[in-house]
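J.: Got a sequence here, can you model it:
(chains A, B, C and D)
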Protein chains: 4
Amino acid sequence: MEKEIISNELFKSVVKVRPSKSQKGDYGKVLLIGGSEQFGGAIIMATEACVSAGAGLVMTATHSVNLSSLHARVPEAMFCDWRDRNLAKMIAQVDVIVCGPGLGQSAFAQDIMQLVSQEVTDKQTVVYDASALNWISNKRLLLARNARQVIFTPHQVEWQRMSSLYPDFQTDTANQDALNNYDPGAILVLKSENTRVYQAGKVYQNQIGNPGMATGGMGDTLAGVIGAFVAQFGPSVETVSAAIYLHSLVGDAIYQDKYVVRPTELISRLAEFMKH
Amino acid sequence: MEKEIISNELFKSVVKVRPSKSQKGDYGKVLLIGGSEQFGGAIIMATEACVSAGAGLVMTATHSVNLSSLHARVPEAMFCDWRDRNLAKMIAQVDVIVCGPGLGQSAFAQDIMQLVSQEVTDKQTVVYDASALNWISNKRLLLARNARQVIFTPHQVEWQRMSSLYPDFQTDTANQDALNNYDPGAILVLKSENTRVYQAGKVYQNQIGNPGMATGGMGDTLAGVIGAFVAQFGPSVETVSAAIYLHSLVGDAIYQDKYVVRPTELISRLAEFMKH
Amino acid sequence: MEKEIISNELFKSVVKVRPSKSQKGDYGKVLLIGGSEQFGGAIIMATEACVSAGAGLVMTATHSVNLSSLHARVPEAMFCDWRDRNLAKMIAQVDVIVCGPGLGQSAFAQDIMQLVSQEVTDKQTVVYDASALNWISNKRLLLARNARQVIFTPHQVEWQRMSSLYPDFQTDTANQDALNNYDPGAILVLKSENTRVYQAGKVYQNQIGNPGMATGGMGDTLAGVIGAFVAQFGPSVETVSAAIYLHSLVGDAIYQDKYVVRPTELISRLAEFMKH
Amino acid sequence: MEKEIISNELFKSVVKVRPSKSQKGDYGKVLLIGGSEQFGGAIIMATEACVSAGAGLVMTATHSVNLSSLHARVPEAMFCDWRDRNLAKMIAQVDVIVCGPGLGQSAFAQDIMQLVSQEVTDKQTVVYDASALNWISNKRLLLARNARQVIFTPHQVEWQRMSSLYPDFQTDTANQDALNNYDPGAILVLKSENTRVYQAGKVYQNQIGNPGMATGGMGDTLAGVIGAFVAQFGPSVETVSAAIYLHSLVGDAIYQDKYVVRPTELISRLAEFMKH
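T.: Below you'll find the model as predicted:
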């Protein structure tokens, strides 16, 4: 399989200048689902990244204990108690669902996975991240079969669980084959120090980023950026690759001055680096 | 109808230098009402914008779940649980009421609309925004009839609901006619990429602003700025136009460096651009 | 009565360079009491100002609903639920009590006033601000009689309630006479656009400050700064005058660039202006 | 005993450039335990310092009332209600435990101390700070006997309680002897204006820092930095000394411009000074 490097040109071709006549509806609606009592920070970071990276409208379905901290950081996002029976209606309203950051492994989390898999339609993209990937690796039926586009964002160990491939065996061919078993049209973001993106035989590889980004919350942040990009620029392997590139680009800028890159600082600078 | 462009001169003529002998009472009291469990962020942003744009005293009546995040962001604002029976007393104390950001469509929200319509006197201005506009388009009796000045801030779809005019038919004459049906003295802020302001035959048009501002929360922010401006500079079509101008001016400054304009960042820079 | 202008020299003579051998105990302990359900922001701002202006250790007794927002903004402060029966013990541990920001007019607030008046000893200074002043003007018995030093910080209307002097009759002699009726050794901070400080015949007058500071929360912020200054530099009319000077100095610096001075921004720059 | 000054060279030898191939697991997992209802700010500052100083993964076990403010400030950290029966499992998952900031003196705090002492294994380092030190000075059995490395971080009064040595008698030899009574391999960080670090006859002394750092929360912040450093660079007296050096280095930089050094500001600049 041929591998393409994610270039600045690719990034620029995706992140287009906004037309002057436009409104928030043109930039998509994203629903982020996650954040148990223990992992609320994950969904907060994903949400803030999604807002900062330009999604038109952002909603967050999470455990009610996370409401205050969510709004203290991101008043731009709407809130939905994930136990609320209106969650299905909320899913119906959006273009993109980011499912997983801080979702956890509870029985209730499984109910959420189930609901998403049932409700998602062929107009919608689902980004599965973090715990959601573990659920899917255990129970394939929890995958949204009707989605227009599915995107998986595992790191190597999560992908091992999904693919049964040990990291050393995660070659491009083996990865694409394993991905086909889930959904031949799915996009796979295999996170590592050289994150690769797969779809139907295409492979993009990220060559920027740095070890200061090896810190808790970076993945949640990326999931939010991908959600925002798909909402604005449509669900394609190039869109997703551009999101990864942005995430690393901002990380590299911060790493020039700081030993470690805090996700919250990366988030605060996303919009600046989208304005090339 | 003659249309006037909202100019920097107009803005400067409204935002006067403060007299050195003055106290917070001289800059008005504003009560913002909104923020259901789901939409708390909207009232938080409106409140923060109102404080940052210089209102003398700011109070926020909202659902109690929003208290912590409100004060984490805006300790300058006083809080009132919107279920508190003292809400009527709070209304009586203020010069301006901003009603609607995140208010929602619940039966209780209707009770709030009812209370506002009953309690508002001819010394007070009411800014109706967001959900409040939907309530009024459904039930005209929910409009505060005794107010000194009513200001509506719909975007085109909300105005369509209020006026039964499809966006293409929202001409100046038709808009003013539809506005007259509600209240011939009302001010209409019809939000779009070229926001227009109407009152009794006068039309002002905004020519600045940018598509990076097409993001959730921008309208709530504007409502807060309008509230602050009316409190400080009196309820006139020029005051409201100046508020819109400021909102766009700050948005344009941020858009120079950022792909998307976060409402919270816009809010943090309002006071700087009022100091011309 | 002779009036002295609060000068930069006075300020510098109070805010001394810290000795290199010192620890937080040397900079005093302050307990701030206030913040009902409705007015939590007031005590949060007073607390943050107190921390930022250098108090060694800061504790805040407030309604439990304010805990989350207090710590979201000021994790440096310790928290005490003001209904906790240990409040008397907390009072005993500190050098300075700032009582009043957002305290409110409830029956429970009166109990707090009562407790403070009983528990304060002749080693302690009490700063009475905002609602606390109203309580005292209604019931003189609520004043802490045993305090080493009492400081009142009314604005003109609050002082009118305390002194029965209409603003036009608030001359230096009349003010000192009215103050003597409460406590001949007390310090009075009479806030206006030219704030004056009285103690036993001495009068200091502030000549800096600006109308951008005429906004809700400025008084709460000043109360916190005074608390911090007394804790560090001892309870004197000069210490209090220096606190007022700092508050205005920072306000003036911000007002150069901003139309209105947000208390939270003023707070964030206190420590910088103490480093002359 | 020979004393070595903690030098910039030592600091640089500890804080190595990260290898480009690495992931968050390589930078250690830290669990911070503390934060009663009254002292939640302490554990929040320790947590934020730990994240900012580069720990790979950070978890915080604290009273549930502190959840909202923790996540409002540090969404990067995972949360565990310290009453949760899974606390023992959380302990098992980490490399470093920081126990004590804001822990308090309740009976429940003792249960926590007990649990930590039972569960810690010989692969783990425990940093005991603040209230935890008081518990240990009262009940030696509360010390984790099986830990790979124990680190104590008392200030002089806490060390007096632990060692029965009055500050004037806290000589290097006496300190090392008293430390041996607890654990001959333990590291002692004796905080003062010239903080010293002891281990098995080695003594390091800090010569930077300033009196602006004499403020509540500085110790909690240092505990978090030490936790992060041990997680990344291994548990040695040099690692701990480097953490102390960083803490003072940032404090000195801030003190150049500010009269007092707020812990939260110090925290926000840690990563910048690790990038030498």
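
J.: alpha carbons only for contacts and neighbour counts from here, please
T.: Will do.

J.: The helix or strand where residue A:190 lies close to chain D?
T.: Using DSSP states H and E, residue A:190 sits within strand A:187-190. No: using C-alpha under 8 Å from any C-alpha of the partner chain, strand A:187-190 never reaches chain D; the gap is at least 13.6 Å.

J.: Kindly export that strand (C-alpha atoms) in PDB.
T.: Taking C-alpha atoms only, strand A:187-190 is exported to PDB below (Å, rounded to 0.1, in the frame of the first residue of the first chain):
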ATOM      1  CA  ILE A 187     -11.600   5.400   8.500                       C
ATOM      2  CA  LEU A 188      -8.900   4.200  10.900                       C
ATOM      3  CA  VAL A 189      -6.700   6.700  12.800                       C
ATOM      4  CA  LEU A 190      -4.000   4.600  14.400                       C
END
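
J.: now it: mean pLDDT?
T.: Throughout strand A:187-190, pLDDT has a mean value of 98.

J.: so who does residue A:60 touch?
T.: Taking C-alpha atoms under 8 Å, 6 or more residues apart in numbering or on different chains, we find residue A:60 in contact with A:31-34, A:43, A:47, A:77-80.

J.: which among those gets closest to residue B:65?
T.: Nearest to residue B:65 out of these is residue A:79 (C-alpha to C-alpha; 11.4 Å).

J.: Packing partners of the strand holding residue A:190?
T.: For strand A:187-190, the packing partners by 3 or more C-alpha pairs under 8 Å, 6 or more residues apart in numbering or on different chains; DSSP states H and E come out as strand A:149-152, strand A:196-199.

J.: what does the stretch 151-276 of chain A have sitting close to chain C?
T.: Contacts of the stretch 151-276 of chain A with chain C, taken as C-alpha under 8 Å from any C-alpha, are absent.

J.: one step back: quick one: distance of the strand holding residue A:190 to the chain centre.
T.: With C-alpha atoms, centre = their mean, to the nearest Å as the basis, strand A:187-190 stands 10 Å off its chain's centre.

J.: And for it, what's in contact with it?
T.: If you take C-alpha under 8 Å, 6+ apart as the criterion, strand A:187-190 is touched by A:149-156, A:159, A:179, A:195-200, A:237.

J.: Now which of these would you call buried?
T.: Listed as buried from the contacts of strand A:187-190 are A:149-156, A:159, A:179, A:195-200, A:237; burial here means 16 or more other C-alpha atoms under 10 Å in any protein chain shown.

J.: For residue A:181, the count of nearby residues, please.
T.: The number of residues packed near residue A:181 is 11, by other C-alpha atoms under 10 Å in any protein chain shown.

J.: brain fart, residue A:180
T.: 16.

J.: Make sure it is indeed in a helix.
T.: Yes: judged by DSSP: H, G, I helix; E, B strand; the rest coil, residue A:180 forms part of a helix.

J.: Now do it against residue A:118, distance only.
T.: 21 Å (C-alpha to C-alpha, to the nearest Å).

J.: And what about residue A:203, helix, strand or coil?
T.: Assigned with three-state DSSP, residue A:203 falls in the strand class.

J.: Can you list phi and psi of the nearest residue to it once chain neighbours are set aside for me?
T.: In space, and not counting its chain neighbours, residue A:203 is closest to residue A:3: 4.9 Å by C-alpha to C-alpha, 6 or more residues apart in numbering or on different chains. Dihedral pair for residue A:3: phi -110, psi 130, per degrees, to the nearest 10.

J.: Residue A:126 too?
T.: Backbone torsions of residue A:126, given as degrees, to the nearest 10, read phi -120, psi 130.

J.: Is it bridged to anything, and to what?
T.: Judged by DSSP bridges, the bridge partners of residue A:126 are residue A:97, residue A:150.

J.: Check which helices and strands whichever helix or strand residue A:174 is part of is in contact with.
T.: Using DSSP H and E, residue A:174 sits within helix A:172-182. Packing partners of helix A:172-182 (3+ C-alpha pairs under 8 Å, 6+ apart): helix A:156-163.

J.: Buried residues of the helix it packs on, list them for me.
T.: Neighbour counts over helix A:156-163 (16+ other C-alpha under 10 Å) mark A:156-163 as buried.

J.: so can I have JSON lines of those residues showing distance to residue A:57 and pLDDT?
T.: Conversion of the buried residues of helix A:156-163 to JSON lines gives the following (distance: C-alpha to C-alpha, whole Å; pLDDT from 0 to 100):
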{"residue": "A:156", "distance to residue A:57": "31", "pLDDT": "96"}
{"residue": "A:157", "distance to residue A:57": "32", "pLDDT": "96"}
{"residue": "A:158", "distance to residue A:57": "30", "pLDDT": "97"}
{"residue": "A:159", "distance to residue A:57": "30", "pLDDT": "98"}
{"residue": "A:160", "distance to residue A:57": "34", "pLDDT": "98"}
{"residue": "A:161", "distance to residue A:57": "33", "pLDDT": "97"}
{"residue": "A:162", "distance to residue A:57": "31", "pLDDT": "98"}
{"residue": "A:163", "distance to residue A:57": "34", "pLDDT": "98"}
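
J.: Just send those residues back as CSV, with distance to residue D:136 too.
T.: Below are these laid out as CSV (distance: C-alpha to C-alpha, whole Å):
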residue, distance to residue D:136
A:156, 42
A:157, 40
A:158, 41
A:159, 45
A:160, 44
A:161, 43
A:162, 46
A:163, 49
